[in-house]
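A.B. asks: what follows is a predicted protein model with its sequence.
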Amino acid sequence: MSNLIRSGSALVPAAGSAAAAGETTTPAGEIDIRLEDPVVAAVSAPGEKRWGFHQFPQLSRMPGGQLLLTYAHNEDAVATYGTVCPALVSADDGRTWKPLEKDGTPFVPSKPHGCVFEVLDGQFLTAPPAPNFDLKAAGMALPAKVGGTRSFDLFRLDQCPKPLQEHLGALPAWRWFPATKQWQTEKIGYDARDALVWEIADARGLIPRTWFEHPPVRLGKELIYADYRTMYLLDGGDVPRNNTCSCMVSTDNGRSFERRGTIAADPDGTLQMNEPVIAATAEGALVCAIRTDPKPGMLMTSSLDRGRTWSKPAKLHPFGVFPGMVLLGNGVLALSYGRPGVHLKFSPDGCGRGWTEPTTLIAGDEKKTIEATCGYTSLLEIGRDEFLIAYSDFEHRGADGRQCKAILVRRVHAARLAQAK
């Protein structure tokens, strides 16, 4: 069943955009937004309330067209990074789901929110979350710290033990080749120049490394990714005062990534720049949505030179954890975010200059932000004017009417009005 939510939504200029500054902008056509009924992909046991269980969903498209859906089902903690997670597959673009068969992939899906993505030449790549480097088990210690906050300490990677440098500079990965239709293991070289190691206060001795939480953007012959899990010295050589986001670029189809520049860093160290997602625009530029903490918010910044320099981040919304973005084939840019609730916005011009009012999937409560959903979302384009969104519902009712957690997948149509007739 299809439910018409909004047709021809009003535009809200993005903070800092030309429209916000008083100039006139012309949207690239109004859009017709339709939500199909959600598909219940997975349900917890009745009464499940534990944080970290049955949440944080991730959608991917596999070679051959099947969809992969993973989610977390254990404690939300650094110590659980790289642990096995539940995985489902769909052969009908998300209308039905079944468990991934044992040995269905050569790699083991792991949490949190690792993804599989297509790169160039018809190849697919995944570098899922891997177990942490355990300093105690390795009999090693970190050097003197060079910075940090109350929640984590920072250390220069080039001063750390060689095994840790090698661990963080080579990401375990699997690549699928269309000629052989087989997966092969490889190591992705990850830029270690001016890199920093962070150690969280409540996970001393465990050092996580980067994985791909969103597909890199394919722009020409380059793959471009927004990373916040590997931190670096700032462009001027200073130690950042809080979490930052870096633009990582591969020119060899994902076999290595180098840091191109800083996407966002709060100069006074008040805000953490977390969970960035990057997307190409309809004009071939880049935009990046970023979660901020400890004061909740969502910022947006853009780049006109393939990630070398970025505009000053502007406020996009008062909240937004783990935002997702996808540029549809019809030129509409879709954005998902949450906590409280789960919401969608659309940029008709495909460039993020203006956004529709939110389309709400779960309303949530701003005073009880984690009671209705984890707020994490995942988007996957499945057609020129449609995509899937995966999210969690903590207030789902099972067949017996009892409360449980559910992982939902919903089809969204976002057609320009000329296409929607």
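C.D. replies: That came in fine, so what should we check first?
A.B. asks: from now on I want contacts and neighbour counts done on CA atoms only, so please keep to that.
C.D. replies: Fine.
A.B. asks: show me where the stretch 201-350 of the chain has strands.
C.D. replies: 206-207, 217-219, 222-227, 231-232, 245-250, 256-264, 272-280, 286-293, 297-303, 314-317, 321-327, 333-338, 342-347 (DSSP state E, counting those that start in this stretch).
A.B. asks: in a markdown table, list those along with distance to Leu157.
C.D. replies: Converted to a markdown table, these look like this (distance: least, CA to CA, whole Å):
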| stretch | distance to Leu157 |
| --- | --- |
| strand 206-207 | 11 |
| strand 217-219 | 27 |
| strand 222-227 | 17 |
| strand 231-232 | 9 |
| strand 245-250 | 16 |
| strand 256-264 | 15 |
| strand 272-280 | 21 |
| strand 286-293 | 25 |
| strand 297-303 | 28 |
| strand 314-317 | 31 |
| strand 321-327 | 27 |
| strand 333-338 | 33 |
| strand 342-347 | 38 |
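A.B. asks: wait, which of the ones you listed is closest to Leu196?
C.D. replies: Leu196 sits nearest to strand 231-232 of all the strands of the stretch 201-350 of the chain, at 5.2 Å, using CA to CA.
A.B. asks: average pLDDT for that closest one?
C.D. replies: Across strand 231-232, pLDDT averages out at 97.
A.B. asks: do stretch 284-296 as well
C.D. replies: For stretch 284-296, mean pLDDT is 94.
A.B. asks: point out where this structure drops to low pLDDT.
C.D. replies: 1-29, 418-421 (pLDDT under 70).
A.B. asks: which stretches in it count as helices?
C.D. replies: Along the chain, counting by DSSP state H, helices occupy 135-138, 162-169.
A.B. asks: with distance to Pro323 and mean neighbour count added, can I get those in TSV?
C.D. replies: Listed next are the helices of the chain as TSV, based on distance: least, CA to CA, whole Å; neighbours: other CA atoms under 10 Å:
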stretch	distance to Pro323	mean neighbour count
helix 135-138	32	12
helix 162-169	25	16
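A.B. asks: can you list those in TSV and add distance to Leu233?
C.D. replies: Formatted as TSV, these follow (distance: least, CA to CA, whole Å):
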stretch	distance to Leu233
helix 135-138	23
helix 162-169	16
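A.B. asks: which one is Pro294 nearest to, not counting chain neighbours?
C.D. replies: Closest residue in space to Pro294, ignoring its immediate chain neighbours: Leu271 at 6.5 Å, by CA to CA, 6 or more residues apart in numbering.
A.B. asks: give the contact list for the one you found.
C.D. replies: Applying CA atoms under 8 Å, 6 or more residues apart in numbering to Leu271 gives the contacts Asn242, Asn243, Thr292, Asp293, Pro294, Lys295.
A.B. asks: one more time with 10 Å
C.D. replies: Arg241, Asn242, Asn243, Thr244, Ala265, Arg291, Thr292, Asp293, Pro294, Lys295, Pro296, Gly297 (CA atoms under 10 Å, 6 or more residues apart in numbering).
A.B. asks: separation between it and Glu30?
C.D. replies: Separation of Leu271 from Glu30 (CA to CA, to the nearest Å): 35 Å.
A.B. asks: cool, Pro216 as well?
C.D. replies: Using CA to CA, we find Pro216 at a distance of 28 Å from Glu30.
A.B. asks: count of neighbours near the spatially closest residue to Lys221 that is not a sequence neighbour?
C.D. replies: Leaving aside its chain neighbours, Lys221 sits nearest to Thr251 (6.5 Å; criterion: CA to CA, 6+ apart). Counted by other CA atoms under 10 Å, the residues lying close to Thr251 total 14.
A.B. asks: dihedrals phi and psi, Thr251?
C.D. replies: phi -110, psi 10 (degrees, to the nearest 10).
A.B. asks: so it sits right up against Arg259, yeah?
C.D. replies: No. With contact defined as CA atoms under 10 Å, Thr251 does not count as touching Arg259 (11.5 Å).
A.B. asks: now do the shared contacts for those two.
C.D. replies: Contacts common to Thr251 and Arg259, judged by CA under 10 Å, 6+ apart, are Ile224.
A.B. asks: returning to that earlier point: make CSV out of the strands of the stretch 201-350 of the chain and add mean neighbour count.
C.D. replies: Converted to CSV, those look like this (neighbours: other CA atoms under 10 Å):
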stretch, mean neighbour count
strand 206-207, 20
strand 217-219, 18
strand 222-227, 24
strand 231-232, 27
strand 245-250, 24
strand 256-264, 22
strand 272-280, 25
strand 286-293, 25
strand 297-303, 22
strand 314-317, 18
strand 321-327, 25
strand 333-338, 26
strand 342-347, 24
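A.B. asks: closest to Glu395 out of those strands?
C.D. replies: With CA to CA as the criterion, Glu395 lies closest to strand 342-347 of the strands of the stretch 201-350 of the chain, at 13.1 Å.
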